[in-house]
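Asks: generate a structure from the sequence data that follows.
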Amino acid sequence: MRARLLITAISMGVLPVLFAQDTGKVAHAGDSAMAPFSKILTEVTVSARSPTIRNGPDKKVFAVNQSLVSLGGSASDLLQNIPTLQVDANGNVSLRGATDLIVLVDGKRSLIGGGTVAQVLQSIPASSIDRVEIITNPSAKYDASGQAIVNIILKKNNAAGSNGSVSVTGGTRDNYNAATAISYRDNRINLYGNYSYQHRNTYSNGFQDMTYLQSADSVYYSDETFPSVTITDLHSAKAGLDYTFSARDGLSVSGVYNASSRVRNEWLTVNNLTAGNLPAQLSTRYNGTTGNGHSCELTVDYTHTFRRPQKELTFDLDYSHGLTGQSQLYDTYIYNIDGNATDSTSVLKDIKVGRTSNYNVQLDYTTPVGKAGRLEAGYRSQISVTDNQQWDYNLDQTSGEYDPDYSLINFYKSTSQVHAAYITFRREIKTFAIQLGIRGELGRFFAHLQSFDSSGQLVMQPVIVNTQGLYPNLVMTQRLAGGRQIQLSYSRRVLRPTPDELNPFWDVSDPVNYDAGNLRLLPESIYSGELTYTYTWPTATLTSGAYFTQVNDVIKHIQTTPVNDVTLTVAVNLPRAINTGLEFIGNFHPVKIWDFAANVNVYERINAGDSAYGITATRGVSWNANLTNNFTVTRALAMQVRFDYKAADLIVQDRYRPTYGIDAGAKYDFWHKKASLSLNGRDIFNTRRWRFLRVSDALLLNFERVTYSARASLTFTYRFGGGGSGGERRAARQVEEDMRIENR
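Replies: Coordinates of the predicted model:
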């Protein structure tokens with residue numbers, strides 16, 4: 001199958017690549033939408049079934065609807081298949097070695113699973129994702145938060161008439177899920193709804209071996225193992241309505257509801273040894289966790305287009321609310337002290353309740369300026385309110401009753417506000433384009449802390465943190481002959497501490513390492529520059545780039561000197577971190593039945609030290625690569641094989657060891673492509689292990705963890721309905737959707 005590549009100058013000559021998805025037709029969005037930029041227009045024929053990567057004005061768009069190796073998995077599994085992204089064993093996402101990213105769902109922050117990135121990614125089925133946008137130097141139109149933005153765009157059926165689909169997945173280790181979607185569209189109205197259910201059974205195992213270099217007592221070594229089993233059930237439902245009042249006015253309303261439950265059982269063995277490897281204290285610990293939560297989200301979007309082409313006013317209103325509850329039981333049994341048998345048991349019950357509400361109001365205005373310019377301006381207010389309560393009780397072994405542990409009980413309420421206004425201007429001069437913007441933000445964080453002193457008296461403490469700043473952005477693009485393009489971009493951004501990172505109260509779930517936030521954290525100041533070069537051949541596209549990022553007051557979680565054989569991990573500001581690197585992303589179609597996407601990223605990381613925390617300056621070079629092969633065996637059978645590798649890396653205290661993995665999948669279509677059967681295997685050779693060595697003046701820590709969920713899964717999908725299946729119609733909808741998202 002042959003598809004055409006349409007390169008057209010949108011947004012002042014910056015060249016997004018818009019692909020038609022079927023044979024012989026070029027996608028068009030209408031003359032009125034394209035008129036100011038129609039003078040730069042060329043077509044290149046590409047022999048490919050569908051694009052994997054599209055370069056937009058300030059983003060890279062990765063199509064993931066053909067990711068066979070992720071079917072039956074979660075968004076976390078899918079993001080591992082995106083070039084330049086890595087996901088570690090804790091679900092943390094990094095880009096080019098940087099972790100201070102903002103992850104959005106349909107352009108908004110999500111409260112699914114409590115709102116943490118790891119929980120959000122685990123809660124979204126991979127099958128519900130249409131594409132992933134990576135924005136390394138966001139324009140002033142986007143929030144100034146984070147070093148980069150990863151935006152997950154969910155599927156939304158826009159086909160005419162009535163359509164729907166049903167899919168079921170069964171995986172190894174008792175993992176399975178199901179999903180259904182239905183929609184109806186005519187000239188004025190588009191109704192859609194979907195529901196998904198996931199049952200996930202995850203087994204994890206690992207160890208950490210610690211050496212206390214400055215131990216003040218007999219404990220010199222501590223060896224810990226922590227096998228665990230986690231069972232998670234997730235329900236997600238979404239419904240929406242798009243209504244066109246007239247040719248110039250449209251309204252979209254959508255609602256999302258998510259519910260989850262989680263049971264985790266973890267068994268720890270902790271052996272504290274002397275310098276001579278003799279027992280100082282031997283113990284076991286059972287951590288039992290039961291949690292549940294739910295969240296709801298409501299979005300209202302209104303769009304008005306004026307008579308003048310490309311003049312538009314949009315209004316967006318969002319509200320979300322989430323509630324989580326968690327009960328943990330820590331049962332510690334000490335059976336040997338200094339080589340003597342003993343029998344000591346302590347039981348701690350920890351109960352946490354968290355509520356979060358998010359409010360967002362946004363107004364955007366776009367108008368053309370002259371024949372080849374565009375001005376955008378807007379205002380946005382975001383407010384987040386959290387209320388976290390923690391209750392802790394110790395079991396009295398004599399009476400069998402639980403007594404309050406006032407040293408751990410605390411109440412933490414916070415309100416975060418960010419109010420912003422922005423303006424951007426785009427101008428095209430023949431084959432050169434420039435985009436200049438600036439965003440002003442006022443931020444205010446207010447927290448109210450309540451805890452108890454040693455006598456049981458309530459202690460209250462208010463915390464206020466105000467931030468403000470101007471955040472410029474510049475993008476310059478030069479289109480060259482022969483399908484080539486060069487682009488230079490710069491931005492200044494900020495990363496404010498999250499409420500959790502500012503929360504000073506201890507998390508004691510790990511008996512040898514307590515974790516806490518820091519009220520004195522400062523926001524990160526981020527300065528980024530990037531130079532990219534894109535070359536398009538008839539059967540290939542290659543994007544290469546060089547980038548530089550400096551982060552001042554970088555936020556890191558530092559493990560401090562042990563106290564009574566327990567280390568403390570606390571969030572702190574280190575002076576700076578600098579990343580420089582080279583990146584190569586390519587799409588290639590050497591023969592009819594085979595195409596592949598490849599990515600290589602090489603970077604140097606420089607981290608400043610801080611003697612106050614015993615941290616020395618570090619400098620190191622690392623790299624990562626991935627390769628995704630797609631094979632069209634027959635018209636009905638497709639196969640995919642993916643390989644990724646991450647080299648050793650040095651991040652402040654931690655020296656990460658190399659890791660790699662191989663995934664494979666296959667899909668067979670039948671019943672005239674109304675149905676399909678997919679089989680895949682992730683981490684086939686069980687090689688993806690999270691391993692690092694942590695080094696400081698007081699501590700050496702050797703850590704390893706491996707996580708097993710579904711390693712193989714079988715998915716059956718059935719599609720019904722007969723509207724809007726033509727390639728030209730799909731291509732036009734894709735162009736329209738790309739332009740709508742670009743103009744948000």
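
Asks: what residue is smack in the middle of the protein?
Replies: Val103 (4.0 Å; CA atoms, centre = their mean).

Asks: point out where the stretch 101-250 of the chain drops to low pLDDT.
Replies: Scanning the stretch 101-250 of the chain with the threshold set as pLDDT under 70 gives 111-115, 157-158.

Asks: is it true that Thr356 touches His321?
Replies: Yes: counting by CB atoms under 8 Å, Thr356 touches His321, with 7.2 Å between them. C-betas here are computed from N, CA, C, even on glycine.

Asks: so which of those two has more stuff around it?
Replies: Neighbours per residue (other CB atoms under 10 Å) separate Thr356 from His321, with Thr356 holding more: 20 against 16.

Asks: element containing that one, please.
Replies: Thr356 belongs to strand 340-369 when elements are defined using DSSP states H and E.

Asks: go on, Glu428?
Replies: Element membership for Glu428 (DSSP H and E) is strand 410-429.

Asks: that strand to strand 340-369, inter-axis angle?
Replies: Angle, strand 410-429 to strand 340-369, by axes from the mean of the first three to the mean of the last three CA atoms, to 10 degrees: 30 degrees.

Asks: list the buried residues of the helix or strand just after strand 410-429.
Replies: In the C-terminal direction, the helix or strand that comes right after strand 410-429 (DSSP H and E) is strand 432-452. By neighbour count on 16 or more other CB atoms under 10 Å, the buried set for strand 432-452 is 433-439, 441, 443, 445, 447, 449, 451-452.

Asks: what's the closest of the residues you listed to Ala275?
Replies: Among the buried residues of strand 432-452, Ser451 lies closest to Ala275 (CB to CB), at 37.4 Å.

Asks: ok, the residue nearest to that closest one when sequence neighbours are not counted to Gln66 distance?
Replies: Nearest residue to Ser451, sequence neighbours excluded (CB to CB, 6 or more residues apart in numbering): Asn410, at 4.4 Å. Asn410 sits 48 Å away from Gln66, taking CB to CB, to the nearest Å as the criterion.

Asks: those two: who's more crowded?
Replies: Using other CB under 10 Å as the criterion, Asn410 and Gln66 rank with Asn410 on top: 20 against 16.

Asks: which positions are bridged to the more buried one in the beta structure?
Replies: Beta-bridge partners recorded for Asn410 (DSSP bridges): Gln390, Ser451.

Asks: where does the residue nearest to Ser709 when sequence neighbours are not counted land in three-state SS?
Replies: Residue nearest to Ser709 in three dimensions, not counting chain neighbours: Thr202, with 4.5 Å by CB to CB, 6+ apart. Here Thr202 is strand, with the state taken from DSSP: H, G, I helix; E, B strand; the rest coil.

Asks: so what's Thr202 up against?
Replies: Each residue near Thr202 by CB atoms under 8 Å, 6 or more residues apart in numbering is listed here: 173, 229-232, 707-709.

Asks: just to revisit the earlier point, wait, the residue nearest to Ser451 touches Gln390, no?
Replies: Yes: under the criterion of CB under 8 Å, Asn410 makes contact with Gln390 at 5.2 Å.

Asks: which neighbours do those two have in common?
Replies: Common neighbours of Asn410 and Gln390 are listed as Phe505 (criterion: CB under 8 Å, 6+ apart).

Asks: isn't there a strand covering Asn388?
Replies: Yes: under three-state DSSP, Asn388 sits within a strand.

Asks: which parts of the stretch 51-200 of the chain are strands?
Replies: Along the stretch 51-200 of the chain, counting by DSSP state E, counting those that start in this stretch, strands occupy 53-55, 60-63, 85-87, 93-95, 101-105, 129-135, 148-154, 161-171, 175-185, 189-212.

Asks: just to be sure, Ala612 is in a strand?
Replies: No: assigned with three-state DSSP, Ala612 falls outside any strand and is helix.

Asks: okay, now the unreliable bits of this structure?
Replies: In the predicted model of the chain, residues 1-52, 57, 89, 111-115, 157-158, 562-565, 722-744 satisfy pLDDT under 70.

Asks: can we see that at 50?
Replies: For the chain, residues meeting the criterion pLDDT under 50 lie at 1-50, 724-736, 738-744.

Asks: residue at max distance from the center of it?
Replies: Asn340 (49.2 Å).

Asks: how close does that residue get to Ser384?
Replies: Counting by CB to CB, the gap from Asn340 to Ser384 is 53 Å.
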